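A.B. asks: Sharing a sequence plus its predicted fold:
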Amino acid sequence: MNFGVIIIGDEILSGKREDKHLPKVIALLNERGIPLSWARYVGDDPERITAHLREAFASGDVVFSCGGIGATPDDHTRQCAARALGVPLALHPQARELILERMRDVAAEQGVPFEPERADNLHRLNMGMFPAGAQIIPNPYNKIPGFSVGHVHFVPGFPVMAWPMLQSVLDERYAGEHRAERPREQSVIVFGAMESTLTPLMEAIEARFDGVKVFSLPSVDHPQWGRHIELGVKGAAGPVAEAFAELLAGLRGHGAQLGPELVR
């Protein structure tokens, strides 16, 4: 299966907050031998969020959506998910009990009466309004759950909550996608060559080695190597080793000046 992530919030696009979700999602997937296929950022615009979620639901991909599932005016994700699916929002019974449990805990911590009918507490139940048919994602931090519909999974924007929730989804629902053999990259630093002259070699290697991707990362002002191209291959370890050997042979045949070799 392909895995993608949607990161929602004006605060990310404005630079007010630095996104930490993308590198963490990449790390969680890499630990399980799964590549991230795509990522998108979107602000707090209901029409755009709905469009991205509609595409996510239709894709068949596993998609993680981070942010916007609260109950303040700038939180639109729950409503947009329902709109994208064409279903109503409904108070999820398990979410309701968990939110009430959280309210009870907070009241006890503060030494005040538990008043579930108080207006602010009733408003908090909106955080359990999910698209009809959704399943909850438990939140070990404060019990306020996220939710899943099919292969699209919604978690809060707070990393301390979101990351354990994402990890549980990966391990409980997608253990079959974990790969014992991690993807491998091998590359070499190439000096004094142009990408255009090396493109036929790159195309030939991709055509010969099924499942291997060739990549080219040019740089003009690297602090260590200056102007160069990092040229490499990635995929399963066995084919990558063979493809990389052929890449090196082809580069030497071109008379390219080779620098350090890198393995990731």
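C.D. replies: Thanks, I have the structure now.

A.B. asks: Just give the nearest non-adjacent residue to Pro140, would you?
C.D. replies: Computed as CB to CB, 6 or more residues apart in numbering, the closest residue to Pro140 that is not its neighbour in sequence is Pro164, at 5.3 Å. (Each C-beta comes from the backbone N, C-alpha and C, glycine too.)

A.B. asks: Please apply the same query to Pro88.
C.D. replies: Of all residues not flanking Pro88 in the chain, Ala132 sits nearest, at 5.5 Å (CB to CB, 6+ apart).

A.B. asks: Quick check: pLDDT value at that neighbour.
C.D. replies: At Ala132, the pLDDT value in this model is 97.

A.B. asks: Ok, the one 10 residues further on next?
C.D. replies: Per-residue pLDDT puts Asn142 at 96.

A.B. asks: OK, contacts around the residue nearest to Pro88?
C.D. replies: Applying CB atoms under 8 Å, 6 or more residues apart in numbering to Ala132 gives the contacts Ala82, Val87, Pro88, Leu89, Ala90.

A.B. asks: Can you select the buried ones from these in PyMOL?
C.D. replies: For the buried members of these, the matching PyMOL selection, counting by 16 or more other CB atoms under 10 Å, is:
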select buried, resi 82+89
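
A.B. asks: quick one, what contacts the residue nearest to Pro140?
C.D. replies: Counting by CB under 8 Å, 6+ apart, Pro164 makes contact with Asn139, Pro140, Tyr141.

A.B. asks: Tell me which helix or strand the first one sits in.
C.D. replies: To tie it back to what came earlier, the one meant is Asn139. Here Asn139 sits in a region with no helix or strand, counting by DSSP states H and E.

A.B. asks: On the pLDDT front, check it for me.
C.D. replies: 97.

A.B. asks: That one against Gly146, yeah?
C.D. replies: Yes: between Asn139 and Gly146 a contact is recorded at 6.4 Å, counting by CB atoms under 8 Å.

A.B. asks: Need the residues touching each of these two.
C.D. replies: Common neighbours of Asn139 and Gly146, using CB under 8 Å, 6+ apart, are Pro156, Met165.

A.B. asks: With neighbour numbers in mind, choose between these two.
C.D. replies: Set Asn139 next to Gly146 and count neighbours by other CB atoms under 10 Å: Gly146 wins out with 28 against 22.
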